[in-house]
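# Sharing a model that was predicted from the sequence below.
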Amino acid sequence: MTASSNLKDPLVLFMPSGKRGRFPVGTPVLDAARQLGVYVESVCGGRATCGRCQVEVQEGSFAKHGIVSSCDHISPKGPKEERYERVRDLPEGRRLSCSATVQGDLVVDVPQDTVVNAQVVRKAASDRVIERNPAVRLCYVEVDEPDMHKPLGDLDRLKAMLARDWGIDDPAVPLRLLPLVQKTLRKEGWGVTVAVHHDEDTARPEILAIWPGLHNETYGIACDIGSTTIALHLVSLLSGRVVASAGASNPQIRFGEDLMSRVSYVMMNPDGREAMTSAVREAVNGLIDKVCAEGGVSADDILDAVFVANPVMHHLFLGIDPTELGQAPFALAVSGAVRTSMAELGLKANEGARTYLLPCIAGHVGADAAAATLCEGPHRQERMMLLVDVGTNAEIVLGNSARVVAASSPTGPAFEGAEISSGQRAAPGAIERVRIDPDTLEPRFRIIGSERWSDEDGFAEDAATLGVTGICGSAIIEVVAEMYLSGIVSEDGVVDGALAGKSPRIVPNGRTFSYLLHDGSPRITVTQNDIRAIQLAKAALYAGIRLLMEKQGVAEVDTIRFAGAFGSFIDPKYAMVLGLIPDCDLAEVKAVGNAAGTGAMMALLNRGHRREIEETVTRIEKIETALEPHFQQLFVNAMAMPNKVDPFPKLTAAVKLPPRKAASDDGGDGDPAPRRRSREERMARRAR
Ligand code: FES
């Protein structure tokens, strides 16, 4: 309720924020929104010319809120609004909130164009609405003409109008804009639009750009710099609409496939850091060109940008030597949010454009994990949420509103198809789904680019076109899990050579056995070494997760979120059968796509989200797995499928798992036999 209101005043409820208050009849709806802290865009300052302040009245009885809302409870269109409608076309049902006034109880919808598709490529994506409150705003002002008797400078009179109309006091003005002020003011009869950057409330606002007349659009960039790919979105800061999106491979791959090989490259080559910094910035510029061309937007209209990245990518992008991140204690050069300009980074945008990088959580848990946390919000809810971004270095966050802990785990590149004999990146022709008949041990599979299973009519034609080229990450999880479910591999991950007599699919390979998945060209097999590589990767991930669960004092998690492209393709059931993730109700395991990219978008469109993640990161407890003596035992336990000691009751209720080995099978005490244990401990050390 507002200070001056009384109980007889109409009640106004804004959606989707749910903020409400009573306002005297005649209050402009825009003013009501402002008083309640509801962000409604306005460029023209209520002159009914920019059209950015549009709202919709919802009609009906809203019993829950005790409001009967009707179009009769808002003032009829006045001459200014009618003029706007005539000239610029106002969509049916929309009103200009700067002109329309409160006449009775109202439910007002502030349309949010920002519906972010979670970038899940082949699965239905859940859309997310981001409320806007960007750090950069456009403010139109009409400046008094100069007066010989009041010798106040043009810029000073402009500032006076910003203070009067927009409440922006004494903004900083960069020197490069001073020579432009006089000409710009005179071009369109003393009306100018000013771009003002005001991120933190306590900081001084700054003028970034100035245009003659009404300038009614400005854009921002949200970008996730991954070790393998870079994803970038061009977003309208005024409507939140995603204008265009583009992605590219990270060109740093030519210096090293994974993060540590890139750190080594910097250590070994005097110009290595510079080369990698320029490579990533050039790639970002290439993507900016692409999205601007696709959206028909000039790069000069880009005024803000948010970047997220893992710590090594973050440092290289900023031009910081990442060597310290390659060795204990994994010191970040900077862990807090970084604010700089696009120009300083050599990126294409308006000369005044700002840049914001989310804070990093720890030396191995970066701004990308912070962005994914912002997106999924474990800190905003009561349930214990596990958030996992599986990459060559898995980033793990576990927590709820009471406490959040985070760690990284060195899973290595096996989940991405590297280190696997027939592994490959996800691309047409790669096997992506696998099933194995437990009786005949015959497989059937699907390849990327075809909707058919390999035993269905028409598959041969598809395969002839696409080829059957290898196994991608999601299928590696499935094939190993299916081999376990069908008894081809034991819970300890050994291919059972005795089955060679039963099925021609089990083939000898030196002193071990392989499973023949596809007898073509190339011949695709799953070898004993492949299974070991997957065991190592999944054990490293699971041990990291268990360590965090122990820190939280919980035996189970309530919900699991898989972030990242890889997570989008994993079938949760197989991930759990393999023991990649802890026991959980399968319906509670969800892939959330590029959560880091969505988090970047949230920080771009709402500066409140920047404060939220800055504050949250200071509260997240960082756990360094390499320093935890218990990690080794957890790792050894996690080498088994799904786990040597953890019971997985929910999984067992949903999936028929092979009977577990009796304790005597492995040395009599439930532990692996001594020889095997020392080998697994060696593996654990390797993984660390
Ligand atoms: Fe510009 Fe209403 S604020 S049209």
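Done, it's in.
# Where in this structure is the helix or strand with the lowest mean pLDDT?
When each helix and strand of the chain is scored by mean pLDDT, DSSP states H and E, strand 115-116 comes last, with a mean of 44.
# Would you tell me what the next helix or strand after the helix or strand containing V87 is?
Taking DSSP states H and E as the definition, one finds V87 inside helix 79-88. Counting by DSSP H and E, the next helix or strand C-terminal to helix 79-88 is strand 94-96.
# Pull up the pairing partners for whichever helix or strand comes after that following strand, direction included.
Using DSSP H and E, the helix or strand that follows strand 94-96 in sequence is strand 106-109. Here strand 106-109 has these sheet partners by DSSP bridges: strand 11-15 (parallel), strand 54-58 (antiparallel).
# what is the mean pLDDT for the first one?
What it means is strand 11-15. On average, the pLDDT along strand 11-15 is 93.
# Mind giving me the packing neighbours of whichever helix or strand comes after it?
Sequence order places strand 20-22 as the next helix or strand after strand 11-15, per DSSP H and E. Packing partners of strand 20-22 (3 or more Cβ pairs under 8 Å, 6 or more residues apart in numbering; DSSP states H and E): strand 11-15, helix 29-36. The way it works is simple: take the backbone N, C-alpha and C, and place the C-beta from them, glycine included.
# Could you identify which of the ones you listed is most buried?
strand 11-15 (a mean of 23; mean count of other Cβ atoms under 10 Å).
# Contacts for that one, please.
For strand 11-15, contacts defined as Cβ atoms under 8 Å, 6 or more residues apart in numbering pick out 19-23, 29, 32-33, 36, 38, 58, 62, 65-67, 69, 102, 105-110.
# now stretch 412-426
Here stretch 412-426 has contacts from 228, 257-258, 390-392, 430, 432, 448, 469-474, 476-477, 517, 522, 524-527, 529-530, 533-534, 536-537, 540, 565-566, 569, 687, using Cβ under 8 Å, 6+ apart.
# Apply 6 Å and report the result again.
Contacts with stretch 412-426, where a contact means Cβ atoms under 6 Å, 6 or more residues apart in numbering, come from 258, 390, 392, 430, 470-473, 476, 524, 527, 530, 533-534, 537.
# next one: stretch 25-36
Outside stretch 25-36, the residues touching it (Cβ under 6 Å, 6+ apart) are 2, 12, 19, 21, 23, 40, 53, 97-98, 100-103.
# Quick check: residues of this structure near the ligand?
S42, V43, C44, G46, A48, T49, C50, G51, R52, C53, L96, C98 (Cβ under 6 Å from any ligand atom).
# Excluding chain neighbours, what is closest to the second one?
Counting by Cβ to Cβ, 6 or more residues apart in numbering, the nearest residue to V43 once its immediate chain neighbours are dropped is C50, at 3.9 Å.
# is it true that the one you found touches C44?
Yes. Counting by Cβ atoms under 6 Å, C50 does reach C44; the two are 3.8 Å apart.
# contacting residues for the spatially most central residue of the chain?
By Cα atoms, centre = their mean, the mean C-alpha position of the chain lies nearest to A596, the distance being 1.9 Å. By Cβ under 6 Å, 6+ apart, the contact set of A596 is D224, V308, D368, A371, A372.
# ok, which stretches of the stretch 301-450 of the chain are helices?
311-318, 367-376 (DSSP state H, counting those that start in this stretch).
# same question, the stretch 551-688 of the chain
Ranges of helices within the stretch 551-688 of the chain are 564-569, 572-578, 595-605, 607-619, 631-638, 649-654, 674-687, based on DSSP H, counting those that start in this stretch.
# Let me have the helices and strands packed on strand 20-22 in a markdown table, extended by distance to G352.
Listed next are these as a markdown table, based on distance: least, Cβ to Cβ, whole Å:
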| stretch | distance to G352 |
| --- | --- |
| strand 11-15 | 32 |
| helix 29-36 | 26 |
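# Could you point out which of these sits nearest L386?
Nearest to L386 among these is strand 11-15 (31.9 Å), distances taken as Cβ to Cβ.
# Please report how far the closest residue in space to A430 that isn't next to it in sequence lies from A596.
Excluding its sequence neighbours, the residue lying closest to A430 (Cβ to Cβ, 6+ apart) is C472, at 4.0 Å. Taking Cβ to Cβ, to the nearest Å as the measure, C472 falls 21 Å from A596.
# what do you get for M268?
Distance from M268 to A596, by Cβ to Cβ: 29 Å.
# Which residue ranges of the stretch 101-250 of the chain form helices?
Residue ranges of the helices in the stretch 101-250 of the chain, as given by DSSP H, counting those that start in this stretch, are 154-166, 178-187.
# out of those helices, nearest to P251?
helix 178-187 (36.2 Å).
# And L259, how far from N393?
Applying Cβ to Cβ, the value for L259 to N393 is 6 Å.
# cool, and A333?
Separation of A333 from N393 (Cβ to Cβ) stands at 18 Å.
# same check, this time on R660
In terms of Cβ to Cβ, R660 sits 31 Å off from N393.
# Of those two, which one has the most company?
N393 (23 against 15; other Cβ atoms under 10 Å).
# With mean neighbour count added, can I get the helices of the stretch 101-250 of the chain in CSV?
Formatted as CSV, the helices of the stretch 101-250 of the chain follow (neighbours: other Cβ atoms under 10 Å):
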stretch, mean neighbour count
helix 154-166, 18
helix 178-187, 15
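# Give me the pLDDT for the residue of the stretch 351-500 of the chain found nearest the ligand.
Residue nearest to the ligand within the stretch 351-500 of the chain (Cβ to the nearest ligand atom): G352, separated by 22.7 Å. G352 carries a pLDDT value of 97.
# Tell me the buried residues within the residues of the chain next to the ligand.
S42, V43, C44, G46, A48, T49, C50, G51, R52, C53, L96, C98 (16 or more other Cβ atoms under 10 Å).
# Which residues are in contact with the first one?
Under the criterion of Cβ under 6 Å, 6+ apart, the contact partners of S42 comprise R52, C53.
# Recalculate using a threshold of 8 Å.
By Cβ under 8 Å, 6+ apart, S42 lies in contact with L30, C50, R52, C53, C98.
# Could you report the separation of the fourth one from L175?
I take that to be C53. From C53 to L175 the distance is 33 Å (Cβ to Cβ).
# now the last one
The span separating C98 from L175 equals 34 Å under the rule Cβ to Cβ.
# cool, I302 as well?
If you measure I302 against L175 using Cβ to Cβ, the figure is 21 Å.
# Read off the pLDDT value for the nearest residue to T616 once chain neighbours are set aside.
Of all residues beyond its chain neighbours, the one nearest T616 is H379 (4.9 Å), with distances taken as Cβ to Cβ, 6+ apart. Predicted confidence (pLDDT) for H379: 95.
# got it, and T2?
You'll see T2 listed with a pLDDT of 50.
# Can you tell me what sits against the helix or strand where T277 lies?
T277 belongs to helix 272-295 when assigned by DSSP H and E. Under the contact criterion Cβ under 8 Å, 6+ apart, helix 272-295 has outside partners 219, 221, 223, 225, 230, 232-234, 243-252, 254-255, 262, 265-266, 269, 297-299, 302, 313, 316-319, 321-322, 345-349.
# Among these, the buried ones, what's the ChimeraX command?
This is the ChimeraX syntax for the buried subset of the contacts of helix 272-295, where burial follows 16+ other Cβ under 10 Å:
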select :219,221,223,225,230,232,233,234,243,244,245,246,247,250,251,252,255,262,265,266,297,299,302,313,316,317,318,321,322,345,347,348,349
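# As a markdown table, the helices of the stretch 551-688 of the chain with distance to G167 and mean pLDDT would be great.
What follows is these, written out as a markdown table (distance: least, Cβ to Cβ, whole Å; pLDDT from 0 to 100):
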| stretch | distance to G167 | mean pLDDT |
| --- | --- | --- |
| helix 564-569 | 42 | 77 |
| helix 572-578 | 50 | 93 |
| helix 595-605 | 21 | 93 |
| helix 607-619 | 16 | 96 |
| helix 631-638 | 54 | 93 |
| helix 649-654 | 54 | 93 |
| helix 674-687 | 56 | 50 |
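# and the ones you listed as TSV, adding distance to A209?
Below are those laid out as TSV (distance: least, Cβ to Cβ, whole Å):
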stretch	distance to A209
helix 564-569	36
helix 572-578	47
helix 595-605	17
helix 607-619	18
helix 631-638	51
helix 649-654	55
helix 674-687	50
